[in-house]
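Engineer: Just a sequence and a predicted model for now, questions to come.
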Amino acid sequence: MIKNKLKDKDVESNMVVDGGICNIFEVIDEVRNATGTNKDFVERVCVNLKPDFFYDKEKMNNTAQLEFTLLKITMKIAKKGVDMKKMYDSWDDDLSGSLDAQEIMQGVSKSLKINLGKEESHLLAEYLDKDGDGSITFLEFTDKVNFKGIKEKEKRYTISLKNFTDRVLSEWYTLRGEENEKINKHIKEFDDNGDLVF
């Protein structure tokens, strides 16, 4: 079991045996940088990389998922040094003075380069729209997307080498299988008699 506090040598040596741990937010950024040319693969891996405790069914719930999503956003904003108001205004495509769920998802994807899954997107939009009117004001946005306690929360979000490798390989095999299916479909289109000779 991977623990978050490195206070004694037993915990530290257990983590080395388990393959070590990394901050999940840094791992996601590194995956994006290392595999930036294959957009489908990057999106699939980044959406599916989760902290280790997400694999514990008892600890995983919508609250944990939402906090993880918010931390992905706030960590990226902090890393980029972006002014919240300028960023918020740049996402306001229709110049209404507020954001709808679609504008937020596009802003998160385009300007922060964060890919969210459908469940994450739904949870985030529902959470940010405090009064449920379909528009998210700047005050609603900054009330929920802020840097309060970010360093303490961030410490819980780690991923082991084993879980990282499992997720990356799983997505790679899935994508490879889908690509093979596409290739076989195209071959069948041009192979009239099924002998695989053109």
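Structural biologist: Done, it's in. These figures come from a predicted structure and were not determined experimentally.
Engineer: backbone phi and psi for Tyr157, please?
Structural biologist: The phi/psi pair for Tyr157 (degrees, to the nearest 10) reads phi -100, psi 80.
Engineer: and it, what does it touch?
Structural biologist: 23-25, 51, 68, 71 (C-beta atoms under 8 Å, 6 or more residues apart in numbering). For glycine as for every other residue, the C-beta is placed from the backbone atoms N, C-alpha and C.
Engineer: Which among these count as buried?
Structural biologist: Buried members of these, counted by 16 or more other C-beta atoms under 10 Å: 24-25, 51, 68, 71.
Engineer: Between those residues, which has the least confident prediction?
Structural biologist: Among these, Ile24 carries the weakest pLDDT, at 75.
Engineer: show me where this structure has helices.
Structural biologist: Using DSSP state H, the helices of the chain run over residues 9-17, 24-34, 39-48, 62-80, 84-91, 101-110, 118-128, 138-144, 150-154, 161-190.
Engineer: so where is the protein shaky, pLDDT-wise?
Structural biologist: 1-20, 36-37, 55, 57-60, 196-198 (pLDDT under 70).
Engineer: what's the domain layout of it?
Structural biologist: Domain assignment of the chain by automatic domain parsing yields the ranges 1-51+157-179, 62-156.
Engineer: Same list (the ones you listed) but as TSV, adding distance to Asn193.
Structural biologist: Supplementary listing: the domains of the chain in TSV, determined by distance: least, C-beta to C-beta, whole Å:
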stretch	distance to Asn193
domain 1-51+157-179	25
domain 62-156	42
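Engineer: Kind regards, and thank you for your time.
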